[in-house]
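Peer 1: Using only what follows, build the 3D model:
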Amino acid sequence: MCERQTFSIDFIARKLKGEKNKAIIFARVTVDGEIKEISTKNLVRFSNWDSRQEMVKGRTMEVASINQHINDVRFRLQEKYRDLERQEELITAQTVKDSYLGVQKKLKEHSLFELTDYFKKIWESKIEFKNYATTIDYLKLFVKSNFKAEDIFLSQVDKQFATDLEYYIKMNPIKKHDKCEGNGLAKHIQRFKRILNWAADDIEWIAFNPCAKYKCPIKRHKRKKLSFQEVVALEKHVFTHPNLAYVKDLFLFSCYTGLAFADVMALCPADFEYTSSKVLLCKIYRAKSDELCAIPFLNGAISIMLRYGKSFDTPNFDRIFPKISNQEVNRSLKIIAEICGIYIHLTFHVARHTFAKVMALKNGIPLETVQIMLGHTKITTTQIYADVDEEKVLDDMKDMEEKIEKKKALVYNMDRASQYAALTEHAKIVELVPI
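Peer 2: All right, here's what the predicted structure looks like:
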């Protein structure tokens, strides 16, 4: 059913601050309850304003000119409203005002922050939303700064919008002490483009992503990981401080399972089952991607869990590991790295990378199997861990010198054999020639 739209134009006099009897006349446009005001720039005595007739009282030429201007503004606003109707464009108090003021943009139905609110509603419980929330905060600050508005329509988003947004984030970090540059900045733009892709491809609020071709590339850094020797050394080190000992166990547990910190903290006996061959299998949906991980647990991981007195015979939802904050874990890992002489910044990501590269791929586990254990949605994400490192280069280059020398000797011997054969043939020919 098509509802009739309400539209009205009124004129009001608004007193100037600090002036009791001076006022500016404003045109008030109302569409379906939404109100926008436009200044006529006419200054009048407030006592001369007739609010019922919406006219200035008096018979002077100045009064007649102001009243004529009011009628002209009313007529022009009505014309702009009819133009929007004829062109079948979105009609709001804002679009009528914009049309009157010469803002000739074709506006769509949905706004930018209507989109981000809907995106949050759908995805907040499915993905790790913390970083998306920061990107949306940057968008709100940028729109308020550059557009002097609380929201804009999606049709106002274009490649220049993305360019200006990138510059704004770089020059106006939310944390003043922590500049947003490099990959951090690129990821904000990447998340913004993903939201627009979702608007175009999934919910069809826009015909296409206007920023799809905008480039703010992420520099791929080499994934940091521990060597197998460092893992063993860390495992052997005994910490007397209970917090350090606990965080060491959590880190090693991730090295043996590939689970992220949030997934380790969420583990409970109900996530485990024994296979027919008595292998303890962990099945858990990743907090970040909601993808199922299926991980056969190594003895190293099982021994760490049993250290905390949990049984897997009776499935229940009691957390296996005592609660600890991510901040406390990161502080403790920094101390652990210093004590053990590990010269990389230790995080749970490092433990996860160590599992993928050192524990799995280097021991012949296929990439597709590692993808399932890590809970990656795409195989391309897992392929990042399959990069060639120095250790792989050394392994592949081992005995290369000896192989090259052998080939050289073979070629040298072949050359000598060829030369000998040529000399022998020449001698035979000489013998046949008569003297």
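Peer 1: what about the strands in this protein?
Peer 2: 7-15, 22-31, 34-45, 49-50, 55-56, 272-274, 280-285, 292-296 (DSSP state E).
Peer 1: Compile those strands into JSON lines and extend it with columns for mean neighbour count and distance to Lys159.
Peer 2: All C-beta spots, glycine's among them, are computed from the backbone N, C-alpha and C. Shown next, in JSON lines, are the strands of the chain (neighbours: other CB atoms under 10 Å; distance: least, CB to CB, whole Å):
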{"stretch": "strand 7-15", "mean neighbour count": "16", "distance to Lys159": "35"}
{"stretch": "strand 22-31", "mean neighbour count": "19", "distance to Lys159": "31"}
{"stretch": "strand 34-45", "mean neighbour count": "14", "distance to Lys159": "29"}
{"stretch": "strand 49-50", "mean neighbour count": "16", "distance to Lys159": "47"}
{"stretch": "strand 55-56", "mean neighbour count": "20", "distance to Lys159": "48"}
{"stretch": "strand 272-274", "mean neighbour count": "15", "distance to Lys159": "50"}
{"stretch": "strand 280-285", "mean neighbour count": "16", "distance to Lys159": "37"}
{"stretch": "strand 292-296", "mean neighbour count": "16", "distance to Lys159": "38"}
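Peer 1: Could you point out which of those sits nearest Arg194?
Peer 2: Counting by CB to CB, Arg194 lies closest to strand 280-285 out of the strands of the chain; the figure is 21.1 Å.
Peer 1: circling back to that earlier point, dump the strands of the chain to a markdown table, plus distance to Gly258 and mean pLDDT.
Peer 2: Output for the strands of the chain, formatted as a markdown table (distance: least, CB to CB, whole Å; pLDDT from 0 to 100):
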| stretch | distance to Gly258 | mean pLDDT |
| --- | --- | --- |
| strand 7-15 | 61 | 93 |
| strand 22-31 | 56 | 93 |
| strand 34-45 | 53 | 92 |
| strand 49-50 | 74 | 93 |
| strand 55-56 | 77 | 93 |
| strand 272-274 | 16 | 84 |
| strand 280-285 | 10 | 84 |
| strand 292-296 | 7 | 84 |
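Peer 1: could you dump those strands to JSON lines with distance to Glu85?
Peer 2: Shown next, in JSON lines, are these (distance: least, CB to CB, whole Å):
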{"stretch": "strand 7-15", "distance to Glu85": "9"}
{"stretch": "strand 22-31", "distance to Glu85": "11"}
{"stretch": "strand 34-45", "distance to Glu85": "16"}
{"stretch": "strand 49-50", "distance to Glu85": "31"}
{"stretch": "strand 55-56", "distance to Glu85": "28"}
{"stretch": "strand 272-274", "distance to Glu85": "65"}
{"stretch": "strand 280-285", "distance to Glu85": "51"}
{"stretch": "strand 292-296", "distance to Glu85": "53"}
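Peer 1: tell me the domain ranges of the chain?
Peer 2: 7-101, 112-201, 228-391, 399-435 (automatic domain parsing).
Peer 1: which stretch in these is the model least sure about?
Peer 2: If you rank those by mean pLDDT, domain 399-435 sits at the bottom with a mean of 67.
Peer 1: Nearest spatial neighbour of the residue most central in space within the chain, chain-adjacent residues omitted?
Peer 2: Compute the mean C-alpha point of the chain, and by CA atoms, centre = their mean the closest residue is Arg191, 3.6 Å away. Excluding its sequence neighbours, the residue lying closest to Arg191 (CB to CB, 6 or more residues apart in numbering) is Thr135, at 4.4 Å.
Peer 1: show me where the stretch 251-400 of the chain has helices.
Peer 2: For the stretch 251-400 of the chain, applying DSSP state H, counting those that start in this stretch gives helices covering 261-266, 299-306, 326-340, 348-354, 367-374, 379-383, 390-397, 400-432.
Peer 1: Roughly how far does the closest residue to Val247 other than its chain neighbours sit from Lys179?
Peer 2: Excluding the flanking residues, the one nearest Val247 by CB to CB, 6+ apart is Ser332, at 3.8 Å. Separation of Ser332 from Lys179 (CB to CB, to the nearest Å): 27 Å.
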